[in-house]
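# structural data only, the sequence is not supplied:
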């Protein structure tokens, strides 16, 4: 009993999700017992199922409960949205679901959900076990390709894939972890825990500059953490002398690389819209503009498009090179990222 209680205290949101799912299931039972109030009870059940997912989207039972209620309500469009949401979290091509628009979702929706979560579990340990049961090399190749193209601004996808990357790291595949984790961090630069993990890995591998860059980023996010300063002290003691931190060029290249990764998954629609707007006058509009004007215009465009991650890294790079005028833009991008994390 004590261990169960402790588990609930360690996972309060999971516990709330369990409670909401249990309530949803009760309303489903009431709907079956009382045909006159069936719709009303199912609607209450749907509301609780949605709350269960909000509390814990990693528990597949919550998704199954919501899909089951959608089927009972005869809500085919709602079933489609549930599947689309799950596909987004799993990094699957949600557009492929459009091929099923002519299919009766009420007949196949629950089965499609079960099949998707069976082959691609939300639980990181189950996901890893799936790979071990087959061709792990091909399994990880497919996963890597999805990481390189997935828009991790969806926090749920970021969390799911982050936990999978932790399993990859535990398996000793350090190089793969280092490559892929940057895609997550490019879209969620405020994930200080993952930055810290990456910094520790680089430090373990004696990759001092890369470790410093990670720790520096964490300290920028959490000024009172002093992780960068503590790392410098450890390294100075180890080398029996002062260690020189990375120069401005190295830091600038690092931030530029992260900005490019953040921008790499821009939608084709955005690219097309940009191409249409860029007429002959637009192509010449940058002529005569100063470098500051061009950078400021780029920041404004990124913030207007709510591409806060790319704006964050661009503004940080500018501030790091002494462009203090970019500081308000950095704070605006940081605020946008915080809103997105809520």
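Thanks, I have the structure now. These numbers were taken from a predicted model, which means no experiment stands behind them. Numbers count the residues shown, from 1 in each chain.
# quick one: least confident helix or strand in this structure?
Across the helices and strands of the chain, mean confidence by mean pLDDT, DSSP states H and E is lowest for helix 2-10: a mean of 38.
# and after that helix, which helix or strand comes next?
Per DSSP states H and E, the first helix or strand lying C-terminal to helix 2-10 is helix 12-33.
# contacts only, for residue 103.
With contact set as C-beta atoms under 8 Å, 6 or more residues apart in numbering, residue 103 has no partners. C-beta: built from backbone N, CA, C; applies to glycine.
# pLDDT at it, what is it?
pLDDT for residue 103: 80.
# same check, this time on residue 64
At residue 64, the pLDDT value in this model is 97.
# tell me the secondary structure of it, please.
helix (DSSP: H, G, I helix; E, B strand; the rest coil).
# what's the separation between it and residue 53?
Applying C-beta to C-beta, to the nearest Å, the value for residue 64 to residue 53 is 11 Å.
# for these two, indicate the residue with more neighbours.
residue 53 (21 against 17; other C-beta atoms under 10 Å).
# would you map the strands across the stretch 151-300 of the chain?
Taking DSSP state E, counting those that start in this stretch, the stretch 151-300 of the chain contains no strands at all.
# low-confidence ranges in it?
265-292 (pLDDT under 70).
# helices of that one, residue ranges please.
Here the stretch 151-300 of the chain has its helices, by DSSP state H, counting those that start in this stretch, at 155-170, 174-187, 192-204, 208-221, 227-239, 248-263, 268-277, 280-283, 291-304.
# helices or strands up against the fifth one?
Spelled out, it's helix 227-239. For helix 227-239, the packing partners by 3 or more C-beta pairs under 8 Å, 6 or more residues apart in numbering; DSSP states H and E come out as helix 192-204, helix 208-221.
# can you list contacts of the shortest one?
Okay, so that is helix 192-204. With contact meaning C-beta under 8 Å, 6+ apart, helix 192-204 is reached by 162, 166, 169, 174, 177-178, 181, 184-185, 188, 208, 210-211, 213-215, 217-218, 221-222, 225, 227, 231.
# stretch 142-161 too?
For stretch 142-161, contacts defined as C-beta under 8 Å, 6+ apart pick out 57-58, 88-92, 122, 124, 164, 176, 179-180, 183-184, 186-188, 191, 265, 309, 340-341.
# just the buried residues of these.
Buried members of the contacts of stretch 142-161, scored by 16 or more other C-beta atoms under 10 Å, are 57-58, 88-92, 122, 124, 164, 176, 180, 183-184, 186-188, 191, 309, 340.
# how about the helices of the stretch 1-150 of the chain, start to end?
Using DSSP H, counting those that start in this stretch, the helices of the stretch 1-150 of the chain run over 2-10, 12-33, 38-55, 60-73, 76-89, 105-119, 124-132, 136-149.
# a markdown table for those, including distance to residue 98?
Shown next, in a markdown table, are these (distance: least, C-beta to C-beta, whole Å):
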| stretch | distance to residue 98 |
| --- | --- |
| helix 2-10 | 41 |
| helix 12-33 | 29 |
| helix 38-55 | 23 |
| helix 60-73 | 19 |
| helix 76-89 | 9 |
| helix 105-119 | 12 |
| helix 124-132 | 26 |
| helix 136-149 | 18 |
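# show me the one of these that comes nearest residue 315.
For these, the distance to residue 315 is smallest for helix 136-149, at 24.7 Å, taking C-beta to C-beta.
# just to revisit the earlier point, okay, the helices and strands packed on helix 227-239, which one's buried deepest?
Comparing the helices and strands packed on helix 227-239 by mean neighbour count (mean count of other C-beta atoms under 10 Å), helix 208-221 ranks first with a mean of 21.
# which elements pack onto it?
Short answer (3+ C-beta pairs under 8 Å, 6+ apart): helix 208-221 packs on helix 192-204, helix 227-239, helix 248-263.
# please parse the protein into its domains.
Residue ranges for the domains of the chain, per automatic domain parsing: 12-119, 124-239, 287-342.
# residue 252 against residue 319, yeah?
No: Residue 252 is beyond contact range of residue 319, at 10.9 Å (criterion: C-beta atoms under 8 Å).
# number of nearby residues for the closest residue to residue 248 other than its chain neighbours?
Nearest non-adjacent residue to residue 248, counting by C-beta to C-beta, 6 or more residues apart in numbering: residue 321, 6.4 Å away. By other C-beta under 10 Å, 13 other residues sit near residue 321.
# right, and residue 321 touches residue 252 too?
Yes: with contacts counted by C-beta under 8 Å, residue 321 reaches residue 252, the gap being 6.1 Å.
# thinking again about what came up before, now render the helices and strands packed on helix 208-221 as TSV, adding distance to residue 74.
Formatted as TSV, these follow (distance: least, C-beta to C-beta, whole Å):
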stretch	distance to residue 74
helix 192-204	42
helix 227-239	54
helix 248-263	42
